[in-house]
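Visitor: only geometry, no sequence info:
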């Protein structure tokens, strides 16, 4: 194993990840509409973005993966991003959570 591959593994294991905690405030939780908006927004960035709910980690760029979390209102999620635009990606996604993905409730 080369030194470079060791560094990549450490990074992908979370050592270099940018992390944000967000709370699902939508009354219906992270249902189809907000999950779709989350995935669409995540696709605008080159960073590798994951969503973690309890012990489950999924690809934020996949609506189906996000839906499998079944994150209810009040769920605390962790957003993890690796890549050149990771901080921008997390800023944008965090803003969507704060704005309830444009839903009133």
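Guide: It's in. The structure displayed is predicted, hence computed values, not measured ones. Residues are numbered from 1 along each chain as shown.
Visitor: Determine the longest helix present in this structure.
Guide: Longest helix in the chain, counting residues (DSSP state H): helix 86-98.
Visitor: Quick one: residues in contact with that one.
Guide: For helix 86-98, contacts defined as CB atoms under 8 Å, 6 or more residues apart in numbering pick out 17-20, 22-25, 34, 37-38, 41-42, 44-45, 47, 49, 60, 77, 79, 81, 83. All C-beta atoms are positioned from the backbone trio N, CA, C, and that covers glycine.
Visitor: average model confidence for it?
Guide: In this model, helix 86-98 carries a mean pLDDT of 97.
Visitor: Please identify the buried residues of that helix?
Guide: Residues of helix 86-98 classed as buried by neighbour count (16 or more other CB atoms under 10 Å): 86, 89-90, 93, 96-97.
Visitor: would JSON lines of those with distance to residue 53 be doable?
Guide: As requested, the buried residues of helix 86-98 are exported to JSON lines (distance: CB to CB, whole Å):
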{"residue": "86", "distance to residue 53": "19"}
{"residue": "89", "distance to residue 53": "18"}
{"residue": "90", "distance to residue 53": "16"}
{"residue": "93", "distance to residue 53": "14"}
{"residue": "96", "distance to residue 53": "16"}
{"residue": "97", "distance to residue 53": "13"}
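Visitor: and which of these is nearest residue 71?
Guide: Of all the buried residues of helix 86-98, residue 97 has the smallest distance to residue 71: 10.5 Å, by CB to CB.
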